[in-house]
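Undergrad: Need coordinates for the below:
(one chain, ligands or ions: 2)
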Amino acid sequence: MRTSIATVCLSGTLEEKMLACSKAGFDGIEIFEQDLLVSPMSPEEVRAMADRLGLGLDLFQPFRDFEGVTEAQLQANLHRAEAKFQLMNRLGMDLVLLCSNVATATIDNDELFIAQLRQLAELAAGYGVRIAYEALAWGKYVNTYQHSWRIVQGVDRPNFGLCLDSFHILSRGDDPAQIAQIPGEKIFFVQLADAPVLSMDILSWSRHYRLFPGQGGFALDEFMLHLVRSGYAGIVSLEIFNDVFRQSNVERTAIDGLRSLKWLQSQAAGLLAGSGQHSALELEALPGAQEATAFDFAEIRTEDPERVAGMLAQLGFAFKGQHRRKPVQLWASGEARIIINSQRSRGVEAAVSGFGVQVPDPGAGGARGTSLLATKVPRQQTHHEQELPGFLAPDETEVFFSSPANTRNWEREFLDAGEAAPETGNPAVDGIDHINLAQPWQCFDESVLFYSSVLNLEMMPGTEVPSPMGLVRSQVLRTADSCVRLALNIVPQGLEKAIERHHEYPEHVALRTGDIVQLARSARARGMEFLPVPANYYEDLAARFELDGQLLATLKELNLLYDRDEQGEFLHFYTKTLGNMFFEVVERRAGYDGYGAPNAPVRLAAQFESNRWSRN
Ligand SMILES: O=C(O)c1ccc(O)c(O)c1
Ligand SMILES: [Mg+2]
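TA: Ligands and ions are numbered 1, 2, ... in the order given. The predicted model follows:
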C-alpha cells in the first residue's frame, strides 16, 4: 500500500517535515499550502528536494469554498484556482484537494454545484490537474460522502473524482459500507484519521483531536475493507489535526504515523484473509502477532538496591541470586520475577525501567516490533547468556520478549538461581498482575499505539481519575485473556511542569496474591510501610457496600482498599513510594476484572499527602 501524510500533522518547517517523512519511510506527502507559503524554498526547490528524497508530492491543498456561489464569485474563484494550478505545475503536482464549501456557498442547488465544478474541472484539465472533491462533515450543503459522490457523477469528467476522509464519515456516524459501491478509480485520494470518542461539535473535534489509526475509537479496519471492495488502488494518507502532534518531535511523530498505517494494514489484511477477496491496495500483513501468556519479569532501576530488596523481602519475595557479571539481582515469588538493576542508575532513586512478556515465539515478536519501526534495545549479553529481543517504548520503558524456555535460561545467569527456596508456610505473591506506567503528556497516544501494536494488546475504554495534581487520564491495554495487563496513566501537564521530570510521577508493579489479608499482616510484621488510607474512605465504603463488620475492620486495620464488580471482589494495598515507584498487591476474588478504579483518587491523594511531607 502506498502511504502518505499531510504536512499539517507535523511540527517544524516544510524542509524538516519532508526529511522526517522520508526518514520514517513514507512514500509521499500532502502539502498544505500554508507550509509552502511560509517556506523559504521555491516551488522548484521543493520539487527537487522531494525528488532527491524519493518522496511523492501526492496532494496539494491550496484553496477551498468554491461551489454554490454567485456568478461574480465563481469568476473570482476560477481566477484564484488558475493561479494555483500554475503553481502546481511548478511543483510537479497533479492532484488538488477541494473541500465542499463551508463558508461562501449561498445557493443550495446540486445542478449549480455540478455546473460550477465542471468549469473548474475543465480549467484544471488544461494544466493536467486532477481534482479530488471531499465532503467535510460540516460542509454547508454537501456534508456526506454519498452526496459528494452524486456530485462527482454529475460533473462527469475524467479529472474530477472523490477524496474520502474517514473522519468526516465516521464522526457523523455515517455507514461507510456504501464506499464499496463506488468504482475505485473514481476515488482519487483517501485520508485516514482516527479520533477519541467524544461528544463535542464536529469541527473542533476534527481540528484538534484527530489521532493516528489505532489510537482512537473508530473502526478503521472495517473502513479499509469497504475501500478494498471498491477496488481502490491508490494512496492512503494520514491527515491528523492534533494539537499535541503539531508541537511534538517531528521525527517521532512521523514514525508514530507510519507505524499506525502498518498496524492498520495488517489488521485489515487479517479481516480480509477470511473473505478470500483480492485487494488492489496490496495490504501488507505484519509478522505473526504473538499472544502474550504472562509477564516474564519487571525491572526496577535504582541506585539503592538494598531499599528495593528490603521491600521485596517484606512482601515475602526470595532472593534468587546476583547476576554473575552485572550489578543486577533477581528476586522472585511464585511466577513474579523482579529484577533490581543498579546499572546506569546514578540519580535514580527507584523507577520501573522495563518488563518482559512471555510469548510462544519471541523471535516472531521481535520481528513484528522491528516491522513496526520500534527502536531496539538488545539485552547486553555475552556468549552463554540468553538473548531477548527488546524495544524502547515511547515512554522509555524497555520491553522484552521471552518464552518459558528463555526464562529458565536467563534465570541461570543469576548465581544462586534455584538454591534459595522461598520461605515456606507464608502467604505469597504468585505473579505480576499488571504494570502501571506514567506517560509524559506528549507521548500518551504514541504509547497506546506502541504497546497495543507491538505487544498485540487490546484497548479498554479510557477513564479519568481526579488527583490533587490534576486530572489523570488512564488507559488499560491487555491481552484477550487478561494474562498481561498494562495501565498507562498520562501525567497531568501542570505536575510535569512543576517537577520537570515526568518520572517523579510514580509508576508501579501490581503483584497478585491469593490471600492479601495474611500477606499484609506478615508484611507489616516485617516492617513494611503501607500507604496510609484516610478514615473517610472506610466510612464511604461502609455506605456504598454492605460489608461485614469484621471485614471492614480488617480493611481499615491493614490499609486495604476494596472494590466489587458483577463477578467478584477486589482487595488491594499500596506500599509507600520509593523514588518514582511503589508496589501494589492485589487479590482478585471470583473473577473480579477491574483495577479498583474508584480507589485510584484515594491512592493519588494519599501519595500526594505523604510525598509532600517527605519532600519538605
Ligand atoms: O478542517 C478543515 O478545514 C479540513 C480541510 C481539509 C480536509 O481534508 C479536512 O479533512 C478538513
Ligand atoms: Mg480531509
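Undergrad: how near is whatever residue of the stretch 251-400 of the chain ends up closest to ligand 1 to Leu10?
TA: Nearest to ligand 1, among the residues of the stretch 251-400 of the chain, is Gly257, at 15.7 Å (Cβ to the nearest ligand atom). (Each C-beta comes from the backbone N, C-alpha and C, glycine too.) Distance, Gly257 to Leu10, by Cβ to Cβ, to the nearest Å: 8 Å.
Undergrad: How much space separates Leu220 from ligand 1?
TA: 15 Å (Cβ to the nearest ligand atom, to the nearest Å).
Undergrad: what does the model give that residue for pLDDT?
TA: Note for Leu220: predicted pLDDT of 98.
Undergrad: That one - how many residues pack around it?
TA: When neighbours are counted by other Cβ atoms under 10 Å, Leu220 registers 24.
Undergrad: residues contacting the residue in the stretch 151-300 of the chain that ligand 2 sits nearest to?
TA: Closest to ligand 2 within the stretch 151-300 of the chain is Asp165: 3.5 Å, counting by Cβ to the ion. Taking Cβ atoms under 8 Å, 6 or more residues apart in numbering, we find Asp165 in contact with 134, 190-193, 239.
Undergrad: rewinding a little: in a strand, the residue of the stretch 251-400 of the chain closest to ligand 1, correct?
TA: No - counting by DSSP: H, G, I helix; E, B strand; the rest coil, Gly257 falls outside a strand, being helix.
Undergrad: That one contacts Ser237, correct?
TA: No - using Cβ atoms under 8 Å, Gly257 is not in contact with Ser237, being 9.8 Å away.
Undergrad: Quickly list what's touching both of these two.
TA: If you check Gly257 and Ser237 against Cβ under 8 Å, 6+ apart, the residues they both contact are Ile5.
Undergrad: as a whole number, average confidence for stretch 375-394?
TA: Regarding stretch 375-394, the rounded mean pLDDT is 84.
Undergrad: how long is that stretch from one end to the other?
TA: Using Cα to Cα, to the nearest Å, the end-to-end distance of stretch 375-394 comes to 9 Å.
Undergrad: and what of stretch 169-180?
TA: Counting by Cα to Cα, you get 14 Å between the two ends of stretch 169-180.
Undergrad: now what about it, what contacts it?
TA: Around stretch 169-180, the neighbours that count as contacts under Cβ under 8 Å, 6+ apart are 137, 143-146, 164, 166, 187, 195, 202, 205-206, 218-219, 222-223, 226-227, 229-230.
Undergrad: Buried residues in the helix or strand hosting Tyr538, which are they?
TA: Element membership of Tyr538 [criterion: DSSP states H and E] is helix 535-544. Neighbour-count burial for helix 535-544, counted by 16 or more other Cβ atoms under 10 Å, picks out 537-538, 541.
Undergrad: give me phi/psi at the closest residue to ligand 1 within the stretch 101-250 of the chain?
TA: Proximity of the stretch 101-250 of the chain to ligand 1 (Cβ to the nearest ligand atom) peaks at Asp165, 4.6 Å away. Phi and psi for Asp165, reported as degrees, to the nearest 10, are phi -120, psi 120.
Undergrad: now it, which residues is it bridged with?
TA: Note on Asp165: beta-bridge partners by DSSP bridges are Gln191.
Undergrad: What is the neighbour count of Gln442?
TA: Neighbour count for Gln442, taken as other Cβ under 10 Å: 19.
Undergrad: if you skip the residues just before and after it, what's nearest to it?
TA: Leaving aside its sequence neighbours, Gln442 sits nearest to Ser248 (Cβ to Cβ, 6 or more residues apart in numbering; 5.1 Å).
Undergrad: ok, now Val228?
TA: Leaving aside its sequence neighbours, Val228 sits nearest to Ser279 (Cβ to Cβ, 6+ apart; 4.6 Å).
Undergrad: quick one: the strand ranked longest in the chain to chain centroid distance?
TA: Ranked by residue count under DSSP state E, the longest strand found in the chain is strand 429-439. Offset of strand 429-439 from its chain centre (Cα atoms, centre = their mean, to the nearest Å): 19 Å.
Undergrad: helices or strands next to that strand in the packing?
TA: If you count contacts as 3 or more Cβ pairs under 8 Å, 6 or more residues apart in numbering; DSSP states H and E, strand 429-439 packs onto strand 294-301, strand 336-341, strand 351-358, strand 485-490, strand 507-513, strand 581-589.
Undergrad: same thing but 6 Å
TA: The contact analysis (3 or more Cβ pairs under 6 Å, 6 or more residues apart in numbering; DSSP states H and E) places strand 429-439 against strand 294-301, strand 336-341, strand 485-490, strand 507-513.
Undergrad: Next to ligand 1, which bits of this protein? Give me the list.
TA: Counting by Cβ under 6 Å from any ligand atom, the chain comes close to ligand 1 at 97, 99, 134, 136, 165, 191, 206-207, 239.
Undergrad: Need the residues that contact stretch 436-448.
TA: If you take Cβ atoms under 6 Å, 6 or more residues apart in numbering as the criterion, stretch 436-448 is touched by 211, 215, 244, 248, 256, 394-395, 397, 475, 487-491, 493, 502, 505, 507-508.
Undergrad: which residues sit in contact with the closest residue to Gly356 other than its chain neighbours?
TA: Leaving out its chain neighbours, the residue that sits closest to Gly356 by Cβ to Cβ, 6+ apart is Asp296, at 3.3 Å. By Cβ under 6 Å, 6+ apart, the contact set of Asp296 is 356-358, 402, 407.
Undergrad: Name the member of the residues you listed with the most neighbours.
TA: Val357 leads the contacts of Asp296 on contacts (other Cβ under 10 Å) with 28 neighbours.
Undergrad: Strands of the stretch 501-616 of the chain, residue ranges please.
TA: Listed in chain order, the strands found in the stretch 501-616 of the chain under DSSP state E, counting those that start in this stretch are 507-513, 561-564, 569-574, 581-589.
Undergrad: The first one pairs with which strands, parallel or anti?
TA: Sheet partners assigned to strand 507-513 using DSSP bridges are listed as strand 429-439 (antiparallel), strand 581-589 (parallel).
Undergrad: Out of the ones you listed, flag the one nearest Val328.
TA: strand 581-589 (16.4 Å; Cβ to Cβ).
Undergrad: got the contact list for the closest one?
TA: By Cβ under 6 Å, 6+ apart, the residues outside strand 581-589 that reach it are 350-352, 433, 506-513, 516, 568-575.
Undergrad: Quick check: closest non-adjacent residue to Val8.
TA: Leaving aside its chain neighbours, Val8 sits nearest to Phe32 (4.5 Å; criterion: Cβ to Cβ, 6+ apart).
Undergrad: And that neighbour, how far from Thr7?
TA: 5 Å.
Undergrad: Spit out the contact partners of Glu284.
TA: Taking Cβ under 6 Å, 6+ apart, we find Glu284 in contact with Gln265.
Undergrad: Quickly note the distance from it to Ala590.
TA: Distance, Glu284 to Ala590, by Cβ to Cβ: 44 Å.
Undergrad: How about Leu283?
TA: 43 Å.
Undergrad: Great, nothing more from me.
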